[in-house]
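> below: sequence and its predicted model.
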Amino acid sequence: MDNQSPSLFNRLFKRVSGSLAPENPDELREVLQQSHAQEAIDSDTLSRLENMLTFNQMQVRDVMISRAQMDVIKTTDSMERIIAYAVDTAHSRLPVITDDKDHVLGILHTKDLLKFMLNPEQFKLENILRPAVFVPESKLLKILLKEFQEQHNHMAIVVDEYGGISGLVTFEDLIEEIVGKIEDEFDETDGAEIMPVSAERWHVKATTEIDTINQYFGTQFSNEEADTIGGLVIHELGHLPVRGEKVQLGNLQLTVARADNRRLHALMVTRVKESPTEDN
């Protein structure tokens, strides 16, 4: 990426101005804007090239998933619980910890569980763990991206200056900084609002309207405080939740499956026994 960018920018600059190549990022951005104005590049190309300029200056701490939002499994978890958690979070890789998140033992590739589906008695988590890669918060994204490509790695655990775990970063996180959000089957722009996972568990988009929830689950939640189930969860908790937080509403337990520092994306819903003190 770095080796190809200068020649591309040089060609654009000469086409726009006929002058010498730009000497700093601000001049490059001006060239890109002029190129777009002259229809030398389209809007999508302009956006991605500008993202590349920003990307080259960014550090891991700028894009990492925080420690609080890390989805992890423990060495003591059963195969059944690990499979259920992998389904809930829709992750293909999960950090494995011992006592707490400061002690990451390795990375589980959930596809490695398939070989034990018919022979669960042979399952030993420690035998299928992949080594964890650790990177500092200050590492430049362009360097980490190159390392990911060279080492065929897709996840790194982020450590702070004292050696504590501060989060994790994935290959997808880096690519999205350049090309934009990569949607998948669990993102709220695609697929059904309510998707059954098992007989008593459902993946639900946070943007699902309260009326839809009531019709599907037979509940009687009020829409006076919020129009969507995500808004209702935020109202009940009193704050924007992180992954793994739970709230019980009537006979439904709602677990945050996906969230970032701006909004709640998806929930896992499970039927439970309704608390006698719970008021819908």
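Nice, I can see it. Predicted model, so just to flag it, every value in this text is computed and none were measured. Residues are numbered from 1 along each chain as shown.
> for residue 157, phi and psi?
phi -90, psi 130 (degrees, to the nearest 10).
> residue 245 now?
phi -70, psi 150.
> ok, it - contacts?
Residues near residue 245 by Cβ atoms under 8 Å, 6 or more residues apart in numbering: 237, 255, 256. From N, CA and C alone the C-beta is placed, and that goes for glycine too.
> let's see that with 6 Å instead.
With contact set as Cβ atoms under 6 Å, 6 or more residues apart in numbering, residue 245 has these partners: residue 256.
> just the pLDDT at residue 48, thanks.
We have a pLDDT of 69 for residue 48.
> how many residues are close by residue 111?
The number of residues packed near residue 111 is 11, by other Cβ atoms under 10 Å.
> and the closest residue in space to it that isn't next to it in sequence, its phi and psi?
Spatial nearest neighbour of residue 111, chain neighbours left out: residue 92 (6.9 Å); criterion: Cβ to Cβ, 6 or more residues apart in numbering. Main-chain torsions, residue 92, degrees, to the nearest 10: phi -90, psi -10.
> now do residue 259
Main-chain torsions, residue 259, degrees, to the nearest 10: phi -160, psi 150.
> contact partners for it?
241, 242, 243, 265.
> among those residues, which one lies nearest to residue 86?
residue 243 (13.6 Å; Cβ to Cβ).
> turn the contacts of residue 259 into a markdown table, columns for neighbour count and distance to residue 74.
Shown next, in a markdown table, are these (neighbours: other Cβ atoms under 10 Å; distance: Cβ to Cβ, whole Å):
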| residue | neighbour count | distance to residue 74 |
| --- | --- | --- |
| 241 | 21 | 21 |
| 242 | 16 | 18 |
| 243 | 21 | 16 |
| 265 | 18 | 25 |
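> among those residues, which are in strands?
residue 265 (DSSP state E).
> which members of the contacts of residue 259 are the farthest-apart pair?
Across these (Cβ to Cβ), the longest gap, 11.7 Å, separates 242 and 265.
> with that, I have no additional questions.
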